[in-house]
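Trainee: kindly return the folded structure for what I paste below:
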Amino acid sequence: MPAPPPKSFPEPPAEKKALELGHAFTPRFDREGLIPCVTQHADTGEVLMFAFMNAESLRATIDTGFVHYWSRSRAKLWRKGESSGMSQAVVELRTDCDQDVVLARVRIGAATADGAGGVAASCHVGFPGCFYRAVEGEGLKIVEQRVFDPEKVYGGA
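Mentor: Sure, this is the predicted structure:
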């Protein structure tokens, strides 16, 4: 028997004050049905990554307690860590004043995949977070250390 469709979210209120100060979570998805999600380490405050959610992935995140995103390139739902084991357990979900951005405060599960060495990271390139390069003029400088070899975790995909 197929799983029931996810519960939808209520429409945002027409009144700005209700949107900004009300107690109803009414996420405002864009024309493509997406909402930006900034993901932050709950203990350190480090911004780990940025991705998009749709209603299905946001609902799955709320229902399971693990962050799910919508992959625009693959056009599918994905649970962070489904390949690497480095899942993102939700500590707190927040939304901004306009309810058009979500902040996921998370703790990262350590990978069990061979080669990851039990580290916890969010970037598929092997860094703790996706913001591992600093912009210097017209160039980029890597300012973080890789904590795992993506070839060993994901294979030669």
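Trainee: surely Lys80 and Ser122 touch.
Mentor: Yes. Between Lys80 and Ser122 there is a contact under Cβ atoms under 8 Å: 7.2 Å. In this view, the C-beta of every residue, glycine as well, is placed from N, C-alpha and C.
Trainee: host element of Glu32?
Mentor: If you go by DSSP states H and E, Glu32 is not part of any helix or strand.
Trainee: mind listing the helices for the protein?
Mentor: 16-21, 55-64, 150-154 (DSSP state H).
Trainee: if you count neighbours, what's buried in the shortest one?
Mentor: Right, the one you point to is helix 150-154. 150, 153-154 (16 or more other Cβ atoms under 10 Å).
Trainee: same check, this time on stretch 130-139
Mentor: In stretch 130-139, counting by 16+ other Cβ under 10 Å, buried: 130-132.
Trainee: the closest residue to Thr26 other than its chain neighbours and Phe66, how far apart?
Mentor: Leaving out its chain neighbours, the residue that sits closest to Thr26 by Cβ to Cβ, 6 or more residues apart in numbering is Pro12, at 4.3 Å. In this view, Pro12 and Phe66 are 26 Å apart by Cβ to Cβ, to the nearest Å.
Trainee: burial count for His41?
Mentor: 19 (other Cβ atoms under 10 Å).
Trainee: please name the residues that touch it.
Mentor: Shown in contact with His41 (Cβ atoms under 8 Å, 6 or more residues apart in numbering): 48, 105-108, 129.
Trainee: of those, buried ones?
Mentor: Neighbour-count burial (16+ other Cβ under 10 Å) is assigned, among the contacts of His41, to 48, 105-106, 108, 129.
Trainee: now those as a markdown table including pLDDT and distance to Asp30?
Mentor: Converted to a markdown table, the buried ones among the contacts of His41 look like this (pLDDT from 0 to 100; distance: Cβ to Cβ, whole Å):
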| residue | pLDDT | distance to Asp30 |
| --- | --- | --- |
| Leu48 | 96 | 22 |
| Arg105 | 98 | 23 |
| Val106 | 96 | 23 |
| Ile108 | 91 | 27 |
| Gly129 | 94 | 24 |
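Trainee: which two in those residues are spaced the farthest apart?
Mentor: Farthest apart among the buried ones among the contacts of His41 by Cβ to Cβ are Arg105 and Gly129. That separation is 13.5 Å.
Trainee: let's see the lowest-mean-pLDDT helix or strand in the chain as CSV, backbone CA atoms only.
Mentor: Ranked by mean pLDDT, DSSP states H and E, the weakest helix or strand in the chain is helix 150-154, scoring a mean of 83. Only the C-alpha atoms of helix 150-154 are listed here, as CSV (Å, rounded to 0.1, in the frame of the first residue of the first chain):
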residue,chain,number,x,y,z
PRO,A,150,34.7,11.5,-0.6
GLU,A,151,36.0,8.8,-3.0
LYS,A,152,36.1,6.4,0.0
VAL,A,153,32.7,7.4,1.2
TYR,A,154,30.8,7.8,-2.1
